[in-house]
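>>> Structure for this input, please:
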Amino acid sequence: MMQTSSDVDANQPLLRLTELRVQFAQQTVLRDLTLEVPRGQTLAIIGESGCGKTVLLKSIIGLVRPDQGSVLFDGLDLHRLNEQELTRVRIRIGFVFQQAALFDSMTIGQNVAFPLRYHARIGASEIPTHVVDRLAEVGLPKQVVSKKPVELSGGMRKRVGLARALVLDPELVLYDEPTTGLDPIMADVINELIIRTRSRYTVTSVVVTHDMRTARKVADRIVMIAPLDRLRSDECQIIFDGPPSELDRTQDPRVDQFVRGEAGARLMEFSQ
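Numbering: from 1, shown residues only. Sure, this is the predicted structure:
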């Protein structure tokens, strides 16, 4: 029988990853990664391309099964659940995809309503109101309901993706590069919406991003993970874990180089 949230101590972290290892063929992407996310925290995960950030998000939601270790959500070990149990847990998790991942053949209203029609215990007549309310929360007018995704700008599609992720009132929201491809103003709109979501709802957030402005602005805590080919075999994959204010005081040159966006040391490596 699947454990229920009422069986779990409310003081424990909402999310706990223990010695997580993920390998594809002969390539190990995540190695012995241990991480806890308290309830209500907004965690930003940063790191170079290819270090395993998106694989980590997919492991959290159960789309990638680890070769070793565990992912506990509210005390439930996701990778010990059957598909029906896992589906019930995923209803409690919202996922904002990098490119919004909207269904092109559906209208905006149908996209946002999709989770409600399959999972919510509300009548069909109530769904349109929920859709309009969620779109309004991300700054989109009622008029977009009948439009197709192709008719909207990239920033508007991102906001639709956020509205869809929030429509079931999730306890955990996962963001995969939420500001990628946006101009600075629209990127900051998304940042403000992430902050507003946290203040309006009791929600825990994990934000994967390369955008240091986003990481500094929205996060209570920042974790940086490094690609394994740049680490010693005995070295922890998490090379920074702390509040944004600590980033500028780090003694690790790898973290400092990434945060400042400086390529000098890496260019020297290429020339060797």
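
>>> Show me the strands in the stretch 51-200 of the chain, by range?
According to DSSP state E, counting those that start in this stretch, the stretch 51-200 of the chain carries its strands in the segments 68-73, 76-77, 93-96, 172-176.

>>> In TSV: those, plus mean neighbour count, distance to G109 and mean pLDDT.
The way it works is simple: take the backbone N, C-alpha and C, and place the C-beta from them, glycine included. TSV is the format used below for the strands of the stretch 51-200 of the chain (neighbours: other CB atoms under 10 Å; distance: least, CB to CB, whole Å; pLDDT from 0 to 100):
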stretch	mean neighbour count	distance to G109	mean pLDDT
strand 68-73	19	30	95
strand 76-77	18	32	94
strand 93-96	23	18	91
strand 172-176	23	21	95
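
>>> Buried residues in the longest helix along the chain, which are they?
Ranked by residue count under DSSP state H, the longest helix found in the chain is helix 184-200. By neighbour count, and taking 16 or more other CB atoms under 10 Å as the criterion, the buried residues in helix 184-200 are M186, A187, V189, I190, N191, L193, I194, T197, R198.

>>> so how far is V144 from the third one?
Okay, so that is V189. Going from V189 to V144 by CB to CB, to the nearest Å gives 15 Å.

>>> Where does the prediction get shaky in the protein?
Segments of the chain classed as low confidence (criterion: pLDDT under 70) are 1-10, 263-272.

>>> Could I get the CA-only coordinates of stretch 29-42 as PDB?
The C-alpha trace of stretch 29-42 is given here as PDB (Å, rounded to 0.1, in the frame of the first residue of the first chain):
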ATOM      1  CA  VAL A  29      25.600  11.700 -15.600                       C
ATOM      2  CA  LEU A  30      24.800  11.900 -11.900                       C
ATOM      3  CA  ARG A  31      27.000  10.300  -9.300                       C
ATOM      4  CA  ASP A  32      26.100   9.700  -5.600                       C
ATOM      5  CA  LEU A  33      24.100  13.000  -5.500                       C
ATOM      6  CA  THR A  34      22.500  13.800  -2.100                       C
ATOM      7  CA  LEU A  35      20.200  16.800  -1.700                       C
ATOM      8  CA  GLU A  36      17.300  17.900   0.500                       C
ATOM      9  CA  VAL A  37      14.800  20.600  -0.300                       C
ATOM     10  CA  PRO A  38      12.700  21.900   2.600                       C
ATOM     11  CA  ARG A  39       9.000  22.700   2.200                       C
ATOM     12  CA  GLY A  40       8.400  26.200   0.800                       C
ATOM     13  CA  GLN A  41      12.000  26.700  -0.400                       C
ATOM     14  CA  THR A  42      12.900  28.000  -3.900                       C
END
